[in-house]
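S.K.: One predicted model, sequence on top.
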Amino acid sequence: GAVVSQHPSRVICKSGTSVKIECRSLDFQATTMFWYRQFPKQSLMLMATSNEGSKATYEQGVEKDKFLINHASLTLSTLTVTSAHPEDSSFYICSARSPGVGTQYFGPGTRLLVL
Amino acid sequence: AQTVTQSQPEMSVQEAETVTLSCTYDTSENNYYLFWYKQPPSRQMILVIRQEAYKQQNATENRFSVNFQKAAKSFSLKISDSQLGDTAMYFCAFMKPWPGSQGNLIFGKGTKLSVKP
């Protein structure tokens, strides 16, 4: 199956700092990538849809100025959590949509802990 | 709006036995895709199986097969010869075809499957 990488896998930061998470599709070009947030024992919650070369589309209730998304190439999308606070602590997962049918393949996730 | 319902929060099965996970969905679309993903304790989301709504034949992938009932809007997953490594959270998901939509997935709440030795 297609491979999507995500870095870092785990990050601990101080309140008020910014954190950047990278999502890469390693063996296919992805015009669209997605960013999710997952709380413990819950399903995935879509945060935003990232299209290469254009602005991301954010889901209702997601602050676009807090969660900055950049999709500068067909293989890389980044999520920057700006001025992170403890309530932003969560598990963040990206996915990349494959060509053709558009099956989503997921990265391994990033565990963010804000102190 | 589309919805996906998984009515079994938790299930367990003995190793080597067969288990079926249920999923129903609601949509007015005629063409769409359905997926089962598993999320083991590592939390990596792994594609298990995919079904195109226009195909009447049920999809199979080794020990995994689906029972797709389009009229009933039902999409169950059968795991045969269950293995310890099948222990995971299983998510059913719906997707409208792309292009024509962003291709985003609508997930159910998941079923936690435990395979017991």
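M.R.: Nice, thanks for sending it over.
S.K.: Tell me where the model's unsure across chain B.
M.R.: Chain B contains residues with pLDDT under 70 at B:98-100.
S.K.: Show me what the host helix or strand of A:T80 is packed against.
M.R.: Here A:T80 sits within strand A:76-81, counting by DSSP states H and E. Strand A:76-81 sits against strand A:19-25, strand A:32-38, strand A:67-73, strand A:90-97, with contacts defined as 3 or more C-beta pairs under 8 Å, 6 or more residues apart in numbering or on different chains; DSSP states H and E. All C-beta spots, glycine's among them, are computed from the backbone N, C-alpha and C.
S.K.: now these as a markdown table including distance to B:S28 and mean neighbour count?
M.R.: What follows is these, written out as a markdown table (distance: least, C-beta to C-beta, whole Å; neighbours: other C-beta atoms under 10 Å in any protein chain shown):
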| stretch | distance to B:S28 | mean neighbour count |
| --- | --- | --- |
| strand A:19-25 | 32 | 20 |
| strand A:32-38 | 23 | 24 |
| strand A:67-73 | 30 | 17 |
| strand A:90-97 | 23 | 24 |
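S.K.: Show me which residues of chain A sit near chain B.
M.R.: Counting by C-beta under 8 Å from any C-beta of the partner chain, the residues of chain A close to chain B are A:1, A:32, A:34, A:38, A:42-44, A:46, A:49, A:57, A:91, A:93, A:95, A:97, A:101-106, A:108-109.
S.K.: Now with 7 Å, please.
M.R.: A:1, A:32, A:34, A:43-44, A:46, A:49, A:91, A:93, A:97, A:101-106, A:108-109 (C-beta under 7 Å from any C-beta of the partner chain).
S.K.: now those residues: which count as buried?
M.R.: Buried members of the residues of chain A next to chain B, scored by 16 or more other C-beta atoms under 10 Å in any protein chain shown, are A:32, A:34, A:43-44, A:46, A:49, A:91, A:93, A:97, A:102-106, A:109.
S.K.: By pLDDT, give me the weakest of those residues.
M.R.: Sorting these by pLDDT puts A:G102 at the bottom of the list (82).
S.K.: That one is in contact with B:G103, isn't it?
M.R.: Yes - A:G102 lies in contact with B:G103 (C-beta atoms under 7 Å); the separation is 4.3 Å.
S.K.: Low-confidence stretches in chain A?
M.R.: Using pLDDT under 70, chain A drops low at A:1.
S.K.: Centroid-nearest residue for it?
M.R.: Residue closest to the average C-alpha location in chain A (C-alpha atoms, centre = their mean): A:W35, at 3.6 Å.
S.K.: Starting from chain B, give me the distance back to the closest residue to that residue other than its chain neighbours.
M.R.: Excluding its sequence neighbours, the residue lying closest to A:W35 (C-beta to C-beta, 6 or more residues apart in numbering or on different chains) is A:M47, at 4.6 Å. To chain B, A:M47 is 11 Å away according to C-beta to the nearest C-beta, to the nearest Å.
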